[in-house]
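Student: this one's sequence-less:
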């Protein structure tokens, strides 16, 4: 059974585990080991705890049989876009691969859109790797549109990402 709940301070280790596992399962093959290790080392447990304490962030966690298996993280705008609208970034969206296709992504995205609207957000932004076709299709289904290019740095390796926006 899948249950959804808001993230809490005690979730820092679980979020870190899901992030590292999902990121590496999906992207590790693209990078030199030193770039991947530099990237993974740039954000640790204390960073998670800081964000979990910060009311400008919002986390929603999916649990299967009491075990966290995915999450979505919303946070303050940091992407290089010009807008007069009130914006927020969908900063991370990760689900362990063995739980893909179970409807978790839809539930988490539905929550993210409701939460952003609840906060008075007019535009939600995210970045997605240009060759992550599965994620791009998912975001398109929710009405996100490409609005720019972004270099997502993994160590010294720049990934070409697409900035996407959804008007709320």
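Tutor: That came through, no problem. Just so it is clear, the model here is predicted, and its values are computed rather than measured.
Student: isn't there a strand covering residue 48?
Tutor: No - counting by DSSP: H, G, I helix; E, B strand; the rest coil, residue 48 is located in no strand; its state is helix.
Student: all the helices of the protein, in order from the start?
Tutor: Assigned by DSSP state H, the chain shows helices spanning 12-27, 33-41, 45-53, 104-118, 133-141.
Student: of all these, which one is nearest residue 74?
Tutor: For the helices of the chain, proximity to residue 74 was assessed by CB to CB; helix 104-118 is nearest, at 5.9 Å. Backbone N, C-alpha and C define where each C-beta goes, glycine included.
Student: residue nearest the centroid of this structure?
Tutor: Geometric centre of the chain, nearest residue: residue 92, 1.1 Å, by CA atoms, centre = their mean.
Student: hmm, back to that, next, format the helices of the chain as CSV and append distance to residue 96, mean neighbour count and mean pLDDT.
Tutor: Formatted as CSV, these follow (distance: least, CB to CB, whole Å; neighbours: other CB atoms under 10 Å; pLDDT from 0 to 100):
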stretch, distance to residue 96, mean neighbour count, mean pLDDT
helix 12-27, 6, 16, 97
helix 33-41, 17, 14, 96
helix 45-53, 17, 15, 98
helix 104-118, 9, 17, 98
helix 133-141, 15, 14, 96
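Student: run through the residues that contact the residue nearest to the centre of the chain.
Tutor: The neighbours of residue 92, taking CB atoms under 8 Å, 6 or more residues apart in numbering as the test, are 19, 71-73.
Student: TSV for the helices of the chain, including distance to residue 150?
Tutor: Converted to TSV, these look like this (distance: least, CB to CB, whole Å):
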stretch	distance to residue 150
helix 12-27	15
helix 33-41	15
helix 45-53	20
helix 104-118	19
helix 133-141	14
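Student: can you say which of the ones you listed is nearest to residue 165?
Tutor: Nearest to residue 165 among the helices of the chain is helix 133-141 (10.0 Å), distances taken as CB to CB.
Student: where's the closest one relative to the chain centroid, distance-wise?
Tutor: 13 Å (CA atoms, centre = their mean, to the nearest Å).
Student: what's that helix packed up against?
Tutor: Helices and strands touching helix 133-141, by 3 or more CB pairs under 8 Å, 6 or more residues apart in numbering; DSSP states H and E, are strand 123-129, strand 157-167.
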